[in-house]
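*Asks:* Compute the structure for the input listed below.
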Amino acid sequence: MPDRTPPSYALLPGAAGSPVILHVPHSAREIPADARAGIVLDDDTLARELDHITDAHTARIAEEAAERAGRRPWRFVNRLSRLVVDPERFPDGREEMTAVGMGAVYTRTTHGEVLRPADTDPGPLVERYFRPYARAMAGAVADRLAATGRAVIVDVHSYPTERLPYELHGDGPRPPVCLGTDAFHTPPWLLAAAREAFAPCGETGLDSPFSGTYVPLEFYGERAEVGALMVEIRRDTYMSEPGGPAGPGLTRLAAALAALVDAVPA
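*Replies:* Okay, the predicted model is just below:
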């Protein structure tokens with residue numbers, strides 16, 4: 001019998017001529033039963049962990065930005081919590097976050113507590129959720145390349161005001177907006193456009209406390225026509241922490257993200 005489980009992601013169409021994909025990987029809290037069964041936390045503790053680990057309201061920021069943009073971007077949104085799988089991790093030994101139990105399938109929480117047993121086999125979750133997500137995102141990028149000759153991935157994240165124990169590089173600046181870059185995939189014009197677009201939201205920093213950006217492995221380091229930038233928004237600028245409601249800052253950030261989308265040349 002075919003698997004009728006809905007996809008764990010949503011590809012939301014934009015303008016036919018737009019090369020921009022707003023990628024929102026960490027905004028959801030949903031955990032399917034098969035993934036929940038392997039998590040050792042009780043429901044209350046799990047809810048608190050989701051408050052800390054979820055990039056709350058980032059899907060809404062991307063949605064409002066898409067509505068405001070002069071040329072609607074495409075959106076690729078994860079429907080499941082990153083506690084199921086983290087689609088932005090390497091699924092192998094290249095992933096440095098494995099050192100704190102946060103590879104593609106997490107075994108530790110943001111505070112270093114046990115989330116799953118250390119001997120958990122990540123394979124079933126990787127095959128069920130990680131690989132289909134990766135293939136679909138690669139397909140979305142390939143589609144933009146075919147339609148427009150290039151693709152620009154803007155990775156939409158948020159991060160806590162205070163450093164959490166899992167952060168490997170959290171001792172540097174924590175500006176209102178952190179821009180994560182890649183030497184190959186982040187062209188200078190894209191970085192400059194982001195600095196200008198987010199200037200009304202306060203200081204923008206570079207690669208601190210989080211660095212790099214997401215590019216599907218099929219294109220990573222191979223196709224310069226695939227541009228990418230990570231936008232990390234400090235949570236106190238738009239919401240109550242941890243896991244609370246959004247505030248008026250969300251509208252300002254959505255407008256800034258829309259300005260960045262509109263700065264991408266046709």
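
*Asks:* where does V100 fall, phi/psi-wise?
*Replies:* Main-chain torsions, V100, degrees, to the nearest 10: phi -110, psi 20.

*Asks:* Can you read off the pLDDT for it?
*Replies:* Looking at V100, its pLDDT reads 93.

*Asks:* Quick one: residues contacting L145.
*Replies:* The contact partners of L145, by Cβ atoms under 8 Å, 6 or more residues apart in numbering, come to A151, R223, E225, V226. In this view, the C-beta of every residue, glycine as well, is placed from N, C-alpha and C.

*Asks:* any chance of the residues you listed in TSV, with neighbour count and pLDDT too?
*Replies:* Formatted as TSV, those follow (neighbours: other Cβ atoms under 10 Å; pLDDT from 0 to 100):
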residue	neighbour count	pLDDT
A151	26	98
R223	18	97
E225	16	98
V226	25	98
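
*Asks:* what's the closest of those to L80?
*Replies:* Using Cβ to Cβ, A151 comes nearest to L80 of the contacts of L145, at 23.6 Å.

*Asks:* how deep is the residue nearest to that closest one when sequence neighbours are not counted tucked in, by neighbour count?
*Replies:* Distances taken as Cβ to Cβ, 6 or more residues apart in numbering place R144 nearest to A151, at 3.9 Å, with adjacent residues excluded. When neighbours are counted by other Cβ atoms under 10 Å, R144 registers 24.

*Asks:* Repeat that for G170.
*Replies:* 16.

*Asks:* any idea whether the closest residue to it other than its chain neighbours is helix, strand or coil?
*Replies:* Of all residues not flanking G170 in the chain, R163 sits nearest, at 3.9 Å (Cβ to Cβ, 6+ apart). In three-state terms, and counting by DSSP: H, G, I helix; E, B strand; the rest coil, R163 is coil.

*Asks:* Roughly how far does R163 sit from R234?
*Replies:* Computed as Cβ to Cβ, to the nearest Å, the R163 to R234 distance reads 12 Å.

*Asks:* more crowded one of the two?
*Replies:* Per other Cβ under 10 Å, whichever of R163 and R234 has more neighbours is R234, with 23 against 14.

*Asks:* returning to that earlier point: in a helix, the residue nearest to A151, correct?
*Replies:* Yes. Under three-state DSSP, R144 falls within a helix.

*Asks:* Relative to Y129, how far out is it?
*Replies:* The value you get for R144 to Y129, if Cβ to Cβ is used, is 23 Å.

*Asks:* Ok, D43 next?
*Replies:* For D43, the distance to Y129 - Cβ to Cβ - is 21 Å.

*Asks:* Ok, I39 next?
*Replies:* I39 sits 14 Å away from Y129, going by Cβ to Cβ.

*Asks:* now do P13
*Replies:* Using Cβ to Cβ, P13 is found at 23 Å from Y129.

*Asks:* Surely the residue nearest to G170 touches P173?
*Replies:* No. Using Cβ atoms under 8 Å, R163 is not in contact with P173, being 11.2 Å away.

*Asks:* residues shared between the contacts of these two?
*Replies:* P209.

*Asks:* What are the boundaries of the strands in this structure?
*Replies:* 9-12, 20-24, 74-78, 151-159, 177-180, 204-206, 226-234 (DSSP state E).

*Asks:* Okay, now the sheet partners of the fifth one, with direction.
*Replies:* For strand 177-180, the paired strands and their directions (DSSP bridges) read strand 204-206 (parallel), strand 226-234 (antiparallel).

*Asks:* which residues in the protein form helices?
*Replies:* Along the chain, the segments classed as helices by DSSP state H run 33-36, 43-53, 58-68, 123-125, 131-148, 188-198, 249-263.

*Asks:* how about those in TSV, adding mean pLDDT?
*Replies:* Formatted as TSV, those follow (pLDDT from 0 to 100):
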stretch	mean pLDDT
helix 33-36	96
helix 43-53	98
helix 58-68	98
helix 123-125	97
helix 131-148	98
helix 188-198	98
helix 249-263	98
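
*Asks:* what's the closest of those helices to S208?
*Replies:* Closest approach to S208 among the helices of the chain is made by helix 188-198 (14.4 Å; Cβ to Cβ).

*Asks:* Cool, thanks, signing off.
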